[in-house]
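> Pasting the sequence and the predicted model now:
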There are 2 protein chains.
Amino acid sequence: MKAEALKGHLDAMILAVVGVGPAHGYAVIEQLRERSGGVFDLPEGTVYPALHRLEADGLLASSWETASGRRRRVYRLTRRGKSALGERRGDWQLFAQAVDGVLA
Amino acid sequence: MKAEALKGHLDAMILAVVGVGPAHGYAVIEQLRERSGGVFDLPEGTVYPALHRLEADGLLASSWETASGRRRRVYRLTRRGKSALGERRGDWQLFAQAVDGVLA
DNA sequence: ATTGACACCTAGTAACGCTAGGTATAAGCT
DNA sequence: AGCTTATACCTAGCGTTACTAGGTGTCAAT
């Protein structure tokens, strides 16, 4: 599968993962891998910048935590992020249905 | 819907449209609009370069036609294009299922 | 004569996932 | 003690690709 396939859909998936509950970057990567059935095994260089983007856009907020000697930046959904997640889910359904219509 | 959403999926859809039967660029644009229920109303600057890419990759082949005074470049699937279409359909199903899994 | 639909083209831009490097802690093995 | 693996973070630069914004030309309708 080409790398470009993900473009424009990663944000929605990250919001969805963090929407389940606050999570740090590494955990987001694991969740994406598990919830996608192993399809999305994303490098850190993909996910970390995306998290920063989402925070800069005000859809996520972060705070530092320390767990067993390791520092973690834990992200949570902001109000705007929660609202954006709803929109993105709708966008995805519309998009997927449209692609199905063309490929059918 | 963001423009990036399409990335990596346009090729598959163009192959699918041309796979139904040879078509020229403008007709491809119309087919994409119709078969997607109006969701994909793509500018020429998106579709024409994509057609050129696919031809350069050997998945499409083209020939000039003249219909009622207007010249058209008509594209058809090559053997490799047909095979690629099959792969891309599979990729899409895998991808869509994975995204569904994460967003659910 | 002018507008709109048809039909093609391309240079440049913006977005973003990824590569490839880097730092640092903790646990387990030899 | 040294090494590897997993955890956990970061970023500069690259490559791909959809789109913008322009251009050319034909034909039908007003």
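Looks like it came in fine.
> For burial, what's the neighbour tally of the nearest residue to residue A:96 once chain neighbours are set aside?
Excluding its sequence neighbours, the residue lying closest to residue A:96 (C-beta to C-beta, 6 or more residues apart in numbering or on different chains) is residue B:96, at 5.3 Å. Glycine gets a C-beta too; all of them are placed from N, C-alpha and C. With neighbours defined by other C-beta atoms under 10 Å in any protein chain shown, the count for residue B:96 comes to 20.
> can you give me the strands in chain A?
Per DSSP state E, chain A carries strands over the ranges A:23-24, A:60-67, A:70-77.
> Now for residue A:60: which residues touch it?
A:14, A:15, A:18, A:51, A:54, A:75, A:76, A:77, A:78, A:81 (C-beta atoms under 8 Å, 6 or more residues apart in numbering or on different chains).
> Now narrow those to whatever sits close to DNA strand D.
Filtering these for neighbours of DNA strand D using C-beta under 7 Å from any atom of the strand leaves residue A:51.
> pLDDT score assigned to the residue of chain A most remote from its centre?
Centroid-distance maximum for chain A: residue A:104 at 28.3 Å, with C-alpha atoms, centre = their mean. For residue A:104, the model assigns a pLDDT of 90.
> Let me know the pLDDT of the closest residue to residue A:12 other than its chain neighbours.
Spatial nearest neighbour of residue A:12, excluding adjacent residues (C-beta to C-beta, 6+ apart): residue A:88 at 3.6 Å. Residue A:88 is assigned 97 on the pLDDT scale.
> quick one: residue A:88 and residue A:10 touch, right?
No. Residue A:88 lies out of contact with residue A:10 (C-beta atoms under 8 Å); the separation is 10.3 Å.
> which bits of chain A sit near DNA strand C?
Counting by C-beta under 7 Å from any atom of the strand, the residues of chain A close to DNA strand C are A:3-4, A:6-11, A:42-46, A:49-50, A:53, A:68-70.
> ok, and which of these reach chain B?
Filtering the residues of chain A next to DNA strand C for neighbours of chain B using C-beta under 8 Å from any C-beta of the partner chain leaves A:3, A:4, A:6, A:7, A:8, A:9.
> List only buried entries from those residues.
With neighbours counted by 16 or more other C-beta atoms under 10 Å in any protein chain shown, those contain buried members at A:6, A:7, A:8, A:9.
> of those, closest to residue A:30?
Closest approach between those and residue A:30, by C-beta to C-beta: residue A:6, at 16.9 Å.
> Contact partners for that closest one?
Listed by C-beta under 8 Å, 6+ apart, the contact set of residue A:6 reads A:40, A:42, A:46, B:8.
> Tell me how many other residues crowd the third one.
If I follow you right, that is residue A:46. When neighbours are counted by other C-beta under 10 Å, residue A:46 registers 14.
> Skip the chain neighbours and tell me the closest residue to it.
residue A:10 (7.2 Å).
> Could you give the separation of stretch A:37-50 from the chain centroid?
Its chain's C-alpha centre and that of stretch A:37-50 lie 9 Å apart, by C-alpha atoms, centre = their mean, to the nearest Å.
> Much appreciated, bye for now.
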